[in-house]
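>>> Quick one, structure for this:
(2 chains)
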Amino acid sequence: MRYREALNEALREELRRDETVMLMGEDIGVFNGAFKVTAGLLEEFGERRVRDTPISENTIVGMGVGAAMSGLRPVVELMTINFSLLAMDQIINSAAHIHYMFGGQARVPLVIRMPQGAGHQLGPTHSHCLEAMYLQVPGLLVATPSTPADAKGLLKAAIRDDNPVIFIEHESLYGQRGEVPEDPDHVVDFGSAAICREGDDVTIVGISRMALTAQRAAEALAAEHDIQAEVIDPRTLRPLDLDMICGSVRKTNRCVIVEEGWPHGGVGANLAALIQEQAFDWLDAPVARVTGADVPMPYSKPLEQIAFPHEPQVVTAVLSTFRDV
Amino acid sequence: MTTVADVVMPRLSDSMEEGTILHWLKAEGDRVRRGEEIVEIETDKATMTYAADADGVLAIVASEGDTLPIGAVIAHLGDTAGNGGGEALASTRAEEGAVTLAVSASAAKTPRSSPAQPSPPPDRDGRKHASPVARRMAADLGVELADVEGSGPGGRVVKADVEAASQTAAPAPTAPTAPPTAEPAPGTAKGAVRIEELSRTQQTIARRMAESRATVPDFLVNVEIDMEGAVELRSRWRAAAELLGEDRIVPSLNDMVVKACALALRDFPRANGAYRDGHFELYERVNVGVAVAAEDALVVPVIVDADARSLEQIAREAAELAERVRARTITPPELAGATFTVSNLGMLGVHSFTAVINPPQAAILAVGAVEQRAVVRDGELVSRHVVTMTLACDHRILYGADGARFLGRVRELLEAPLALTL
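Okay, here's the model as predicted:
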């Protein structure tokens, strides 16, 4: 099953299971969604529960917040994470904080789905990875699935959760195939990381699509450098399974964090700080980071390709924790 | 605007805690360049010169004779206001405020973090670079980080280095469970206990001697050597030196022992070797270490190529090295590379004794006092100058008969001392 099909299945199953679940977004109904994630859902569930909206992100999210406060479980789709910046006020000032601001009187069980990622020559306004921005906000949960199974399991968990969830998909992964459990109650708990590959020599934490890049790099490290890397996909950034990550680092004594977003204030910057706070005495090398370039995403294909990490950069970063490279 | 970089008391040896400014090699106000030697500093071990880490105009803070702890400011390197931005001083970091340029002498001579240089000195800023886990394990295992060579990036000591070091180190003494307390222990049957911390040298001695006893299967061979001829030759040399009236060096009996050993070592390559990792390492050069008692420590300066040197050269060199040990100006290279060791306690009236092999050397010769003893020669009881020497051998490389033959050769040479002068 493909990643987009797994997401579709999660939505369909939850729409069937719980009639308070409803979808909103640009082109998600008649057009089946910009990335076809919502294909067939308008037909099955009708206009009342699958609503096409105007091109106005702040309004869509605002409607979602209101609907969630009044008892529904809306799932809002934004066409890319870059457009969510238009809805920042609703996401941070409303969705994330209402439960706190009003002493728990209101809940906002809202899911905001959106893809991110470079590689399609869509330039700086469509290609960035902004999970670090949402990671920073207390009150929001952040999921970054990298496999079809996790996409389905996490989306179902997100819909069932009473907190607002930023659900970050990856454009390049929509066509990715993978095994997906058929169990309609296949739910991946937030705050539980996945060990994608076991190893004793170094821990590589890959965020979103970079979990796959990290696994390919790990195979290259094993084949060419006799280094056995343990690859961890945190799956959710908040809550974060720091126990599993630090447990792995205590075993391997080395850690490399791979993310597609910018280096400053990034997911890796944050995670490196947490690791050195909690596992300092187990580190055999500084925590290394491989990140996207510190530039707006270039339009040019060759420039775009070198502006986000690929296996060779990960391999080099891992080697640099062992020796001078 | 004035930019200023501090020059601080550098850490010039592992055991150094403070240093004494012996002599400023540059004067106040001199413009110095990075890498130029600016000051002579005396440490607990040696006197060393220290080079500037940056270009600039020298402003001296510490006077000659001052003793200051590591890190104390001893001078500033400034770029005076009128200099019109000529040679940029230090780095832009210096402009941002208090930047300490504490770099060891060795680092000052090599460019920092040049990618072409695979392993910069691990103590380039006076601190041994080690990863956190390596530090923790070293503490747990009782491994001295200063003695561990780092294999990580930039020469950093990493976990694997500490593990390797702990395996080669003495397996015997258990790791200290608690740091020794400086507090005197409460009175026991032994009265009050004063705890003394070991110096670095003492720690090294303790570790290496325990390692030797725990890992080297040694055996002893001893021999009595008639030194009558050597003693007589020496008294003739003394008379000759007096006749020449110059400040001639008269070789000591120990110098003759060193020379005899060096010649014998050439004949017995395994005595001039080491058992290491299942191999015999046989060394081309014959370097004889001479154990010298220093204040509260034991130091073994090395006479390099002792087999190729004349007795007079050996005598001169040995005297110089011993003097430098006493004056604490001996430098690490002069203490390294021995292939054999001679330890002599004769001057303390010891009849004979045994010494602990200094690994990985194959043997060590313990020399007692040259005494007049009653011995039998040609059936007659006569008084002769005699010395007892004991050779401790590593049985993994030097077997009983080898040790005996080697010692026999030393005896032969010392009993025909003119052979040592050829």
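>>> How many neighbouring residues does B:Glu196 have?
For B:Glu196, the number of neighbouring residues by other Cβ atoms under 10 Å in any protein chain shown comes to 9. (C-beta placed from N, C-alpha, C; glycine too.)
>>> tell me the contacts of it?
Applying Cβ atoms under 8 Å, 6 or more residues apart in numbering or on different chains to B:Glu196 gives no contacts.
>>> nearest residue to the residue in the stretch 51-200 of chain A that chain B sits nearest to other than its sequence neighbours?
Each residue of the stretch 51-200 of chain A has a distance to chain B, by Cβ to the nearest Cβ, and the smallest belongs to A:Asp200, at 12.0 Å. Closest residue to A:Asp200 apart from its sequence neighbours, by Cβ to Cβ, 6 or more residues apart in numbering or on different chains: A:Gln228 at 5.4 Å.
>>> need the contact list for the residue of the stretch 51-200 of chain A closest to chain B.
Listed by Cβ under 8 Å, 6+ apart, the contact partners of A:Asp200 are A:Gln228, A:Glu230, A:Lys251, A:Thr252.
>>> tell me which element the closest residue to B:Ala419 other than its chain neighbours is part of?
The shortest distance from B:Ala419 to any non-neighbouring residue, by Cβ to Cβ, 6+ apart, is to B:Leu413 (5.3 Å). Element membership of B:Leu413 [criterion: DSSP states H and E] is helix B:400-415.
>>> and that helix, average pLDDT?
Across helix B:400-415, the average pLDDT comes to 95.
>>> repeat for stretch B:48-65
For stretch B:48-65, the mean confidence score works out to 87.
>>> Phi, psi for residue 164 please.
With no chain named, the answer covers chain A. When quoted as degrees, to the nearest 10, the phi and psi of A:Pro164 stand at phi -70, psi 130.
>>> that's the wrong chain, I meant chain B
phi -60, psi -40.
>>> quick one: it from B:Pro153, how far?
Using Cβ to Cβ, to the nearest Å, B:Ala164 is found at 17 Å from B:Pro153.
>>> With neighbour numbers in mind, choose between those two.
Neighbours per residue, other Cβ under 10 Å: of B:Ala164 and B:Pro153, the larger number sits with B:Pro153, 20 against 14.
>>> Spit out the contact partners of the more buried one.
With contacts defined as Cβ under 8 Å, 6+ apart, B:Pro153 is in contact with A:Ala285, A:Ser320, A:Thr321, A:Phe322, A:Arg323, A:Asp324, A:Val325.
>>> State the pLDDT value of the fourth one.
Among the per-residue scores, A:Phe322 shows a pLDDT of 94.
>>> lowest-pLDDT helix or strand in chain B?
Ranked by mean pLDDT, DSSP states H and E, the weakest helix or strand in chain B is strand B:100-101, scoring a mean of 32.
>>> list the contacts for the spatially most central residue of chain B?
Residue closest to the average C-alpha location in chain B (Cα atoms, centre = their mean): B:Leu335, at 3.4 Å. By Cβ under 8 Å, 6+ apart, B:Leu335 lies in contact with B:Val299, B:Val300, B:Pro301, B:Val302.
>>> what is the last one paired to in the beta sheet?
Counting by DSSP bridges, B:Val302 is bridged to B:Gly289.
>>> Would you agree it is in contact with B:Asn287?
Yes - with contact defined as Cβ atoms under 8 Å, B:Val302 counts as touching B:Asn287 (5.2 Å).
>>> which residues do the two both contact?
Both B:Val302 and B:Asn287 are in contact with B:Gly337, B:Ala338, where contact means Cβ under 8 Å, 6+ apart.
>>> wait, isn't the residue nearest to A:Asp200 in contact with A:Gly199?
Yes - in terms of Cβ under 8 Å, A:Gln228 counts as a neighbour of A:Gly199; the distance is 3.6 Å.
>>> more crowded one of these two?
Remark: of A:Gln228 and A:Gly199, A:Gly199 carries more neighbours, 19 against 15, as counted by other Cβ under 10 Å.
>>> Mind listing the strands the strand ranked longest in chain B pairs with, and their directions?
Taking residue count as the measure and DSSP state E as the definition, the longest strand of chain B comes out as strand B:380-394. Here strand B:380-394 has these sheet partners by DSSP bridges: strand B:218-226 (antiparallel), strand B:363-367 (antiparallel), strand B:371-377 (antiparallel).
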